[in-house]
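[1] With the input below, show me the fold.
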Amino acid sequence: MSFFQPSLEDFTLAKAMNDVEHISRPSLSYWQDAWVRLKQNTRAIASLWIIVLLTLFTILGPVAWQVDPDLQDLNQVSQSPSLPKTAMLVDKYTPWSGVQLKSYLPPKNYPDHIDAPNGLKVAGGATTQRVRLTWNEAPGAEGYNIYRNNRLPTSFSDLGLPLGSTHGDEISYEDRLSLEDREYYYSIVPTDGLDEYESYSTLKVIPQLVLTIDEAIERNLIGEKSHANVGELINIEFHPFGTDYLGRDMLARLMEGARVSLFIGILAPLLYVLIGIVYGGFAGYFGGYFDVILMRFAEFVVALPFLLFMILFKIAFGIGPGESGILPMLIALVLLGWPATARLVRGQVLQIREQGYIEAARLLGARDNYIILRHILPNTMGVILVTLTFAIPAAIFTEAFLSFIGMGVAPPTPSWGSMCNEGVKTMLSHPHELIFPAALISITVLAFNLLGDGLTEALDSRMRSRE
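    Below you'll find the model as predicted:
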């Protein structure tokens, strides 16, 4: 058996190890760690960027797009979204006598079938000022009905908008109804004077955009003393999001409406969340009968019907039908919206007030208001921030709903909700008047909700990052 024999080298001093407990990264505070986790949430960061872009759209948009949102142009009613384009100058409109048959005899007997009139064509060129149609006589027809569609008809029941009718000796028709520089399909249907035959001729027409010289001067497109000639092309103003039923620029009104909607959607939650913080903080900290009384009153407020109080506030402020009710809406939201935040804050305070550092502060002689403001409320800020993030889209949606049913912001003051209310009236013929404000409401509400979900995960202390 061999034994260990120490040598002099075994008794030399060991070198000091300064990096035994190596720190892989600097220590992060609660908010720094939450920001690290939030940046890892792709949906939350995308939503945050959307909110930033909406803020820039609201604040800086009117500076870049200097168009009066209340300016009405009845020459551009319900125009579709467009890019910069040119228009041709033309003379003032002159009446058209049309084309009539010199020798026409009404049919004595009405056949079961009549062929569709042939030779359908445009007379004198199609413009947005007028489209003049002519066709050949359909033997046996005592009249003709004229239809216009935005797409190619697929059947006799799909001819589109009925424009008018002519007698059997009239083989022409002039259309001047809200023409735009887009595709139209005109159909001519022969009749027996009362009923239609199931035969028709269809012609595709694309009118050229034109303006009279007087219209161009009125819209400040040319100067009064300019030497403009008929047939000359001029640049006209364009509307990226189109115009509404009064010819007002949709983009300018969306920017102005964003200010109203976001003002209500942010100010009201800030106020009632602040009330809920103070109310719930004191109820949870003092507890006992004080807590019971305060929370029973909060439950009473929760039971109050919001829409009924909105109506009562409008009556109390003397706001009649068709008038904007922004102030009653704000008051109703603030007075009836705080209990949810108060309940949430109370629950957090009941948990925090039993912590050791709160007892230590009391032993050191700290007063109650100091403990609440210095120790308790700051530790509930994560929950409060998440609550505020979810309260903002709820308030925006409430404003949109009230304005949509005529209880909130009323025309001519634009808001996204009131614009949806106006857009519903022309939804089938001009859908862009409804799609754009509705899309902005949906995007804004979705962005705030996704950001709120991300903040809920990022501010969860149980998920603090560790390396």
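
[2] which helices and strands does the top helix by length along the chain pack with?
    Secondary structure of the chain per DSSP state H: the longest helix is helix 250-286. Contact here means 3 or more C-beta pairs under 8 Å, 6 or more residues apart in numbering; DSSP states H and E; on that basis helix 250-286 packs against helix 42-59, helix 61-64, helix 288-302, helix 326-352, helix 368-371, helix 381-404, helix 416-425, helix 432-458. (C-beta placed from N, C-alpha, C; glycine too.)

[3] Of all the residues in that helix, which ones are buried?
    250-258, 260-262, 264-265, 268-269, 271-273, 275-277, 279-285 (16 or more other C-beta atoms under 10 Å).

[4] what's the domain layout of this protein?
    45-68+246-463, 89-211 (automatic domain parsing).

[5] Lowest average confidence across those, which one?
    Sorting the domains of the chain by mean pLDDT places domain 45-68+246-463 lowest, at a mean of 85.

[6] and stretch 437-451, C-alpha only, in CSV?
    C-alpha atoms of stretch 437-451 as CSV (Å, rounded to 0.1, in the frame of the first residue of the first chain):
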residue,chain,number,x,y,z
PRO,A,437,-63.3,55.2,-41.3
ALA,A,438,-64.4,51.7,-40.4
ALA,A,439,-60.9,50.3,-41.2
LEU,A,440,-59.2,53.0,-39.1
ILE,A,441,-61.5,52.2,-36.1
SER,A,442,-60.7,48.5,-36.5
ILE,A,443,-56.9,49.0,-36.9
THR,A,444,-56.7,51.3,-33.9
VAL,A,445,-58.8,49.1,-31.6
LEU,A,446,-56.8,46.0,-32.7
ALA,A,447,-53.4,47.7,-32.2
PHE,A,448,-54.2,48.9,-28.7
ASN,A,449,-55.6,45.4,-27.7
LEU,A,450,-52.5,43.6,-29.1
LEU,A,451,-50.2,46.1,-27.3
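
[7] And it, how far out from the chain middle?
    When distances are taken as C-alpha atoms, centre = their mean, to the nearest Å, stretch 437-451 is centred 8 Å away from the chain's centroid.

[8] what does it contact?
    43-44, 46-48, 50-51, 54, 254, 257-258, 261-262, 265, 389-390, 392-393, 396-397, 400, 416-417, 419-420, 423 (C-beta atoms under 8 Å, 6 or more residues apart in numbering).

[9] do you know how far residue 338 is from residue 297?
    11 Å (C-beta to C-beta, to the nearest Å).

[10] May I ask you to confirm that residue 281 is in contact with residue 343?
    No: contact criterion C-beta atoms under 8 Å: residue 281 and residue 343 do not qualify, at 11.8 Å.

[11] tell me the secondary structure for residue 89?
    strand (DSSP: H, G, I helix; E, B strand; the rest coil).

[12] number of nearby residues for the residue nearest to it when sequence neighbours are not counted?
    Distances taken as C-beta to C-beta, 6 or more residues apart in numbering place residue 232 nearest to residue 89, at 5.0 Å, with adjacent residues excluded. As a burial measure, residue 232 scores 16 neighbours (other C-beta atoms under 10 Å).

[13] Surely residue 232 touches residue 86?
    No: assessed by C-beta under 8 Å, residue 232 is found out of contact with residue 86, at 9.7 Å.

[14] beta partners of residue 88?
    For residue 88, the beta-bridge partners are residue 210, residue 233 (DSSP bridges).

[15] so it makes contact with residue 231?
    Yes: contact criterion C-beta under 8 Å: residue 88 and residue 231 qualify, at 6.3 Å.

[16] between these two, who's got more neighbours?
    Neighbours per residue (other C-beta under 10 Å) separate residue 88 from residue 231, with residue 88 holding more: 16 against 10.

[17] Contacts only, for residue 357.
    residue 375.

[18] Quick check: which element contains it?
    Assessed by DSSP states H and E, residue 357 sits inside helix 356-363.

[19] Go through that helix and flag the buried ones.
    358, 361.

[20] Stretch 173-189 too?
    Buried residues in stretch 173-189, counted by 16+ other C-beta under 10 Å: 173, 174, 175, 179, 180, 181, 184, 185, 186, 187, 188, 189.
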